[in-house]
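# Everything below, folded, please.
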Amino acid sequence: MTNDLRRRFAAYAWEPVTVGASGTDVHRLRRHGEEFYLKVGTPSAHPDSGFHLSAELARGLWAAEHGIPVAEILDHDVEAPVGWLLTRAVPGRSADDLWPVDQRDAVVDALADTARALHELPVEECPFDRSLAVTVPAAEHALAAGLVDLDDLDEHRVGRTEAELLAELIATMPADEEPVVGHGDYSPPNVLLDPETLRVSGLIDLGRLGRTDRHADPALLTRSLLDDDNGQYSPAHVARFLARYDPRDTLDPKRLEFYRLLDEFC
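Down below sits the predicted model:
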């Protein structure tokens, strides 16, 4: 954190945000009853990592223009030696918060409906490429740079070496793609809902938004629903999400597993 930013936002109350894995320092700012978020980070040498502030800025602006509920961008300087991005807080509660038992089905339904709405946007109008031609080389770069956390793998991959992960990625990579506009990190912490209507009020952490395969978002969301750190969702909620998102049951389980593997490199 630079002294310049401290001075620039000196009139705000600061609080560090310690949850999440956005690859940046995040601070919650408060002033006159309003709440804001300030992301701070050095420019990435490899923007396709998805944690580049300029990528998040461009995607946030594009998403807002296309009717996607996202955080309003108020100010930024993403090209400075220490870049930053200021947004207005999205109202609502995270889908990762603890919801009453009788509301959890509705939360899962909202997650499915929002994924479908996002994936129905005209993919040809999206300028951000998150296809395998981009994401697989980015995964290889992350591995070579020592950025893959082998201590935070999915349970059934614990103990795998870097070489084994990469070999599995290459061996299971689909031969083609079913392109949609995807969030790229579609998980309960990144979706906020109005607690009264249970409708999605906003999507956050958009650094990986772009043209991707339609399996990518469901792969991450269904894995996240069963995260041990949460515990409120069950396999029945996973089945409910898949049935609502894909009522014709056309998603390929092998592709879902591939995109979960690909996410290990992010």
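# what helix or strand is H76 on?
Taking DSSP states H and E as the criterion, H76 maps to strand 73-77.
# List the buried residues of the helix or strand hosting W62.
In this structure, W62 sits in helix 53-65 according to DSSP H and E. Judged by neighbour count (16 or more other CB atoms under 10 Å), helix 53-65 contains these buried residues: L53, S54, A55, E56, L57, A58, R59, G60, W62, A63. From N, CA and C alone the C-beta is placed, and that goes for glycine too.
# list the helices and strands that helix packs on?
Contacts of helix 53-65 with other secondary structure elements, assessed using 3 or more CB pairs under 8 Å, 6 or more residues apart in numbering; DSSP states H and E, are made with strand 34-41, strand 73-77, strand 83-88.
# Just put these in TSV and tack on mean neighbour count, distance to D246 and mean pLDDT.
TSV is the format used below for those (neighbours: other CB atoms under 10 Å; distance: least, CB to CB, whole Å; pLDDT from 0 to 100):
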stretch	mean neighbour count	distance to D246	mean pLDDT
strand 34-41	18	33	93
strand 73-77	15	32	94
strand 83-88	21	32	94
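# Point out the one among these that comes closest to V123.
For the helices and strands packed on helix 53-65, the distance to V123 is smallest for strand 73-77, at 23.3 Å, taking CB to CB.
# could you dump the closest one to PDB, C-alpha only?
Output in PDB follows, covering the C-alpha atoms of strand 73-77 (Å, rounded to 0.1, in the frame of the first residue of the first chain):
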ATOM      1  CA  ILE A  73     -16.300   1.400 -11.100                       C
ATOM      2  CA  LEU A  74     -15.800   4.800  -9.600                       C
ATOM      3  CA  ASP A  75     -12.000   5.500 -10.100                       C
ATOM      4  CA  HIS A  76      -8.900   3.700 -11.200                       C
ATOM      5  CA  ASP A  77      -5.200   3.800 -12.200                       C
END
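# and that strand, how far from the chain's centre?
Averaged C-alpha coordinates place strand 73-77 at 20 Å from its chain's average position (CA atoms, centre = their mean, to the nearest Å).
# hang on, the earlier thing: now, which of the buried residues of helix 53-65 sits nearest V90?
Among these, G60 lies closest to V90 (CB to CB), at 11.2 Å.
# so the closest one makes contact with A71?
Yes. Counting by CB atoms under 8 Å, A71 is a contact partner of G60 at 6.8 Å.
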